[in-house]
Structure formats: C-alpha cells, structure tokens
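In: okay, sequence plus prediction incoming.
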Amino acid sequence: MIQNYIPIFFVIAVAAIFGVAVIFSSKLFGPQRPDKIKESPYESGKKPFGNTKERVSIKYYLVAMLFIIFDIEVIFVYPWAVQFKSLWAEFGIFAFLPMFVFLIVLEIGFLYIYMKGGLKWD
Amino acid sequence: MGNIIINDLWSFLKPEIFIAGGIFIILLADLVIRDNRKAIHFTALIILIAAFASALLQMGTESFIFYLGKGNNHGLLAVDPMSTFIKLITIFSTILIVIFTITSEEFKGSKFKSGEFYTLLFGMLLGMLLLSSGADLIIIYVSLELLSLSSYVLAGFIAGSNRSSEASLKYVIYGATSSGIMLFGISILYGLTGTTNLYAIHTILVSPHVNYLTLGLSILMIFIGIGFKISAVPFHFWTPDVYEGSPLPVTAYLSVASKAAGFALLIRFIKVGFISSVGTNGFWNFYENFDWQLFLIILSIASMTVGNLTALWQNNVKRMLAYSSIAHAGYMLLAIAVLSEKGMLAFLVYIAIYMFMNLGAFYAVMLVANKKGNEEISSFAGLGYKNPYLAFGLSIFLISLTGIPPTGGFIGKLYLFIALLDGDMYWPALIALLNTVISLYYYVRIIKEMYLTKALDDTTIETSKTELTFMFALVAPILVFGIYFTPLVNFCTNFVRILGF
C-alpha cells in the first residue's frame, strides 16, 4: 500500500532539494560585492520613509465588508437565475422559496447594519 | 416532493426551526425596541421554552431528514432518541444560561448588547442542535463551525476587557487550527470511501480493502476537531485560558452545552461508522479496522489525570473548574470507551447530572464574583458565615462534582463504574477511582476556605432572594437524584438508541 505513495515522497524530496540548492548555489557561485545602495530595501526607486503602521480609514473596511456581502449574494443568485427555468419545471414554487429565504436573511443583516448606524461615517 | 420536505421539517425539526426563527426575531426585536433589555431577555426565554417543549414532544420519533436522492435511503440529518436527548440537554442549559445572564454583574454595564448576545447564543445553540443529529460529514463540519464561530465572539463579549479579548483570540487560534485539521481528516475519509454520509461510509468500511493506516490517520485528524470541542487531553490547552477570560455565563455554557454536542458527534461517529451490530448483551461489535477502545481509554485516562492533577495547583476558582471540566470530560469519555449500551446509559445519566452540578457551581461562583469582582480562592474566605445559604449551595455542588453520596454526582459515577465492571475494564476503573480521590482535595479546598478560614475583609456578600431561589432550584435536582434516581435512569434508558443501531 505504502509503495503507491513513493512518487509523492519522491516529488517532496526533489522539491526540498531543489529549493535548498537554488538558494545556496547563488551564494556559492555568484559574485558578491555588496555596497550601501544594493543593501537598501528598494535598490531602484524612492527612498523608504516612515514605519509600516500606516493608518487606514475605518470606512475602507466597512465598504470592503459590505462589498463582500453583496458579492456573495451575486455568486449565489447568478447560477440559480441561469438555471431557474428548468428548476421551476421540476420543483415549482420550491425552486423559488430557498433563494427567497436566503435573500431575506441577507437583507436582515443589511438592515441591522443600517439601523445600528454602520453607514453613518461622518 | 416539496410538500414532503416541508412536512419532514415540521414534524422532526421543530426545535431547530424555533431557534433559527428566534435568531431573526431577536435581531429584529433589538432593532425595533432599543435599550429594552428586559423585553429581549423575556423573548429569548419564550423561544427557548417553546423549543424545549417541541423537543420533548418529538421524544421517541426517529427518521432521516433531507434525503440524498432517489434510491438512496440515507439523509443529511438523523433525528433519533440520542440526538433528542442531547437537544434537551443543550436547550435546557441555554434556558439556565439566560437566567445567569440576567443576574450577571459582568453584563450589567451599558456596553452589554443583549440583542447581539442572544443572536450569537442562539447561533451556538443552532449549531449544537444540528451537530447532535448530523449524519453527513459536510453538515457536521458546517454546524461545528456555526457553533465555534459564535462561541469565539461570545468568549470576547465584554468590550474593553483585556482578559476577555485574550480568551477570544486564543480560542480563535486553537479553534481554527483544530477545525482545519479536522477538515483535512474529513477529506481523507472522503477520499477513502467516496461519500460524506456516515451511514454510507459504514457500508464501505466493512470491506477489507480499506487501507487501515490511512483510515487511522483520518480518524485521528477528525478526532482532533472533536477532542477540541470536548476539551480532552491533549487538545485541552485552550480550556483554562478561555474559561478564565470569558464572561462567566459563557464559560458555564461552554463547559456543558458545547461539550454535550461534541460527545453526541463522537458517539454518532463511532456507532454509525464503525460497528457492525449491537450484540444481545448490549456490547457493540466492531470491525477490525480501528481499535476504538484502546484509543478512547488512553485519551480518557490522560484527560482525567492531567485535569485533576493540574486543578490541584489552581488559585482561581474559575480556572480550577476549567481543569475539573477536563477531568469530567475524561470520565464521560471512559463511559463511551466501554462501547456498550450500558456505557451509553452511564454517559447519558452522567451528562444530565453534570449539567446541573457544573452549571450550579458556576452560578454560585458567579454570585460571589458579582460582589468581589474576581474569582480568586481567597474571595471565598469566610463565606460560610457571611452568606450561609450560598456557601451551603456551593458545597453541595462541589461534593456532587467529587461524586460523594447522597448527591447526583455519586449516581453518575456509580453508573459509570457499573458499566466499566460490566465491560471487564478493571484497570481503567481503578484509575478513575483514584482520580476521584485526587479530585476530592481541590473541591474540598474551596469548602475549607469557606468554613474554616477567617475572612480578610469585612465586605458582605449579599444575594437577592431570586438569586438564592434559582440556586436552590439547581441544588434540588442534585439532592433528589442522589437519593431517588430511578426516574432519571428510566428516562435516560429511552434515549440510548441511535438511528439504525
């Protein structure tokens, strides 16, 4: 049984050896003449300044999260809408109800955000 | 076809429907009537009582729901006596938690958002209800996630408390890792069998062509997810930190309800997936593919020993109860490890009594913490003279947790040992007995602190009449079941059966 997995172990081993080899071979064989400009984070480009803790406005996250909600809605609704005719022929009203319930659940979430003042950002 | 689905839903899934509807009712009620906490508490109680009554009414029924398709007679959910019992336990403990929440001092401030709290609590409960009757790995995983995600938020529910946020973060990290590993295990099991339905998996695992090594690996991986939920050693590392940091009602809820749901999953997984039949003497007949008994015995002995020995050194009562809950998970795991109908009965009796005594102990600790602001053991000094009623109640809970007659805890242990001796498991029984003796030390340490140590300060610990009444309502079943336990055992006997076995 375990023999069947030998190719997988082989690939893992090759990947590990290759990864290590590439890193060390460039150190071993390549010429190395470091200077101040080469050691800087961006060799060609603007000089970096400030630290990485850049503050981003909370509105950005709100918009992003709201986008996700409606993005998922579209992902669910689109294939359903494409197949709706055949679903209707087979299931009748029960092709329609589940999506209806899903949309209501989603809208309740949106209503919650709206009424709790999630969209008042000034 | 549609009508059949609706009929099935209504006749077998009433508790789930009530709770799922309750989530929206409470969310909308919170939006419409703002800042009226009493109304929200009341609505939640009404919905829970309706769900409990409907679970009681569907006692004895069993059926698959959501059939996979024509010609396939397995469903996504299996409603059967065992799942109904776990539903009763989880819904009843939720009712008690609502009462905890009303009297909790941590939830008194203006920052406490009752609408969100109950929405999440109901989300957790819905996850447990579906988990206890999930017969398909996909629905098991989804309901486990529903349960976990809600509990992560609840663990950090006190806004602005560092302790609570830390608990929540640790819970998320441990939970995400273990559920990821569990999902990997599920995928391996799916690869082995080609189906996600437990009942269908059973028919495939019968054949000798299954690779035992891969099967064992996938079982271990799935067990990591289950072990995390029931906090069995070695998957227990999150328990003390999360239990200590979470708000007390949430801690109490995690220690009882989510454990019960985890055990329900474990029992269904073993019984449906791996046994060929239930013998006439009540023992489960297994195929030769995985040594469940040895596996469960090792884990349960590790759980109770580590839990009890670590609890000895704790000075925070909440943390001590966290370790004690790990030890109790060990006892319950041992009851399942007998792998017989008697072991199942012992488990059901144990968890029913465990619900009363553990919730009661947490409630008494909460009443002290409400006044003192912490749960250190020194806060309990002199409680026996400051508030004799509270101290008496807490003593009963602790004695029952140890398992000394005439309390319910003794009956739970008694049935456990009967099942163990019935299954010829003398060594595990001996170790469990020794562990009970060890646990006596740290439970009695609190009682000693209450009655024999002088209080360091003159602060009084007052409790209102309602709080005391509620506490004695939890003391009563423990004392009653300790003496007159036949009704409880007879009640539990009806719920041993699982669909198909």
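Out: Perfect, I can see it now. Please read all numbers here as calculations on a predicted model, not as lab measurements. Numbering: from 1, shown residues only, chains lettered A, B, ... in the order given.
In: so what's the residue count around B:F286?
Out: 16 (other C-beta atoms under 10 Å in any protein chain shown). Backbone N, C-alpha and C define where each C-beta goes, glycine included.
In: give me the beta-bridge partners of it?
Out: B:I275 (DSSP bridges).
In: what about B:A260, how many residues nearby?
Out: The tally of other residues near B:A260 (other C-beta under 10 Å) stands at 27.
In: is it in a helix, a strand, or coil?
Out: Of the three states, B:A260 takes helix according to DSSP: H, G, I helix; E, B strand; the rest coil.
In: show me the domain layout of chain A.
Out: Domain ranges of chain A: A:2-32, A:58-115, per automatic domain parsing.
In: quick one: closest of those to chain B.
Out: domain A:58-115 (3.7 Å; C-beta to the nearest C-beta).
In: quick one: end-to-end distance for the closest one.
Out: Using C-alpha to C-alpha, to the nearest Å, one end of domain A:58-115 lies 18 Å from the other.
In: pLDDT wise, what is the most centrally placed residue in chain A at?
Out: Against the mean C-alpha coordinate of chain A, by C-alpha atoms, centre = their mean, the closest residue is A:I68 at 11.1 Å. A:I68 is assigned 86 on the pLDDT scale.
In: can you give me the neighbour number for the residue of the stretch 401-501 of chain B found nearest chain A?
Out: Closest residue of the stretch 401-501 of chain B to chain A, C-beta to the nearest C-beta: B:L499 (25.5 Å). Neighbours of B:L499 under the rule other C-beta under 10 Å: 22.
In: who's in contact with the residue lying closest to it once chain neighbours are set aside?
Out: Sequence neighbours aside, B:D80 is the residue nearest to B:L499 in space, at 3.9 Å (criterion: C-beta to C-beta, 6 or more residues apart in numbering or on different chains). Neighbour list for B:D80: B:E62, B:S133, B:R497, B:I498, B:L499 [criterion: C-beta atoms under 8 Å, 6 or more residues apart in numbering or on different chains].
In: of the residues you listed, select the buried ones using a PyMOL command.
Out: Those of the contacts of B:D80 that count as buried under 16 or more other C-beta atoms under 10 Å in any protein chain shown are selected in PyMOL with:
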select buried, chain B and resi 62+133+497+498+499
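In: could I get the contacts of B:D80 as a markdown table with secondary structure and distance to A:F9?
Out: Output for the contacts of B:D80, formatted as a markdown table (DSSP: H, G, I helix; E, B strand; the rest coil; distance: C-beta to C-beta, whole Å):
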| residue | secondary structure | distance to A:F9 |
| --- | --- | --- |
| B:E62 | coil | 47 |
| B:S133 | helix | 41 |
| B:R497 | coil | 46 |
| B:I498 | coil | 40 |
| B:L499 | coil | 42 |
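In: and the two most separated of the contacts of B:D80?
Out: B:S133 and B:R497 (13.1 Å; C-beta to C-beta).
In: thinking again about what came up before, so the residue of the stretch 401-501 of chain B closest to chain A is in contact with B:T61, correct?
Out: No. If you go by C-beta atoms under 8 Å, B:L499 and B:T61 don't touch, sitting 10.4 Å apart.
In: any common contacting residues for those two?
Out: B:V79.
In: skipping adjacent residues, who's closest to A:W80 in space?
Out: Nearest one to A:W80, counting by C-beta to C-beta, 6+ apart, is A:M99 at 5.5 Å.
In: give me phi/psi at the residue nearest to B:L499?
Out: Backbone torsions of B:D80, given as degrees, to the nearest 10, read phi -150, psi 170.
In: most proximal residue of the stretch 301-450 of chain B with respect to chain A?
Out: Taking C-beta to the nearest C-beta, chain A has its nearest neighbour within the stretch 301-450 of chain B at B:L339, 27.3 Å off.
In: pLDDT score for that residue?
Out: So B:L339 comes in at 91 (pLDDT).
In: OK, contacts around it?
Out: Shown in contact with B:L339 (C-beta under 8 Å, 6+ apart): B:I270, B:I275, B:F283, B:W284, B:F286, B:W292, B:Q293, B:L296, B:G423.
In: make a ChimeraX selection of the buried ones in those.
Out: To isolate the buried members of the contacts of B:L339 in ChimeraX, using 16+ other C-beta under 10 Å:
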select /B:270,275,283,284,286,292,293,296,423
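In: among the contacts of B:L339, name the ones in strands.
Out: Of the positions in the contacts of B:L339, B:I275, B:W284, B:F286 sit in strands, assigned by DSSP state E.
In: closest one to B:A176 out of these, please.
Out: Once C-beta to C-beta is applied, the member of the ones in strands among the contacts of B:L339 that ends up nearest B:A176 is B:I275, at 32.0 Å.
In: list the residues that contact that closest one.
Out: Counted by C-beta under 8 Å, 6+ apart, B:I275 has contacts B:W284, B:N285, B:F286, B:Y287, B:L339, B:F501.
In: show me which pair in those is furthest apart.
Out: Most distant of the contacts of B:I275, by C-beta to C-beta, are B:Y287 and B:F501, 13.7 Å apart.
In: in space, what's closest to B:G393 - neighbours in sequence excluded?
Out: Using C-beta to C-beta, 6+ apart, the closest residue to B:G393 is B:M471 (4.7 Å).
In: name the element that neighbour belongs to?
Out: Element membership for B:M471, per DSSP states H and E: helix B:465-483.
In: who are the packing partners of the helix or strand containing B:S165?
Out: Element membership for B:S165 (DSSP H and E) is helix B:162-193. The helices and strands touching helix B:162-193, judged by 3 or more C-beta pairs under 8 Å, 6 or more residues apart in numbering or on different chains; DSSP states H and E, are helix B:137-155, helix B:198-205, helix B:212-230, helix B:238-245.
In: switch the cut-off to 10 Å
Out: helix B:137-155, helix B:198-205, helix B:212-230, helix B:238-245, helix B:248-253 (3 or more C-beta pairs under 10 Å, 6 or more residues apart in numbering or on different chains; DSSP states H and E).
In: tell me which of those helices sits most buried.
Out: Scoring these by mean neighbour count under mean count of other C-beta atoms under 10 Å in any protein chain shown gives helix B:248-253 as the most buried, with a mean of 27.
In: only C-alpha atoms, please: export that one in CSV.
Out: The C-alpha coordinates for helix B:248-253 follow below in CSV (Å, rounded to 0.1, in the frame of the first residue of the first chain):
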residue,chain,number,x,y,z
LEU,B,248,-18.9,33.6,33.4
PRO,B,249,-22.3,32.7,31.8
VAL,B,250,-20.4,31.9,28.6
THR,B,251,-17.8,29.8,30.5
ALA,B,252,-20.6,27.8,32.1
TYR,B,253,-22.3,27.4,28.7
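In: quick check, distance from it to the centre of its chain.
Out: Distance of helix B:248-253 from the chain centroid (C-alpha atoms, centre = their mean, to the nearest Å) equals 11 Å.
In: just to revisit the earlier point, and the helix or strand following the helix holding B:M471 with helix B:465-483, angle?
Out: For helix B:465-483, the following helix or strand on the C-terminal side (DSSP H and E) is helix B:486-493. Relative orientation of helix B:486-493 and helix B:465-483, computed by axes from the mean of the first three to the mean of the last three C-alpha atoms, to 10 degrees: 80 degrees.
In: mind listing what's buried along helix B:486-493?
Out: Those would be B:L488, B:V489, B:C492, for helix B:486-493 by 16+ other C-beta under 10 Å.
In: just give me how far it sits from the chain centre.
Out: 20 Å.
In: again, but for stretch B:148-161
Out: That offset, for stretch B:148-161, works out to 18 Å (C-alpha atoms, centre = their mean).
In: what of stretch B:97-113?
Out: 22 Å.
In: in stretch B:56-64, which residues are buried?
Out: B:Q58, B:E62, B:F64.
In: and B:V172, how far from chain A?
Out: Per C-beta to the nearest C-beta, to the nearest Å, B:V172 is found 18 Å from chain A.
In: so that residue sits right up against B:S148, yeah?
Out: Yes. Counting by C-beta atoms under 10 Å, B:V172 touches B:S148, with 8.7 Å between them.
In: that concludes my questions; thank you for your assistance.
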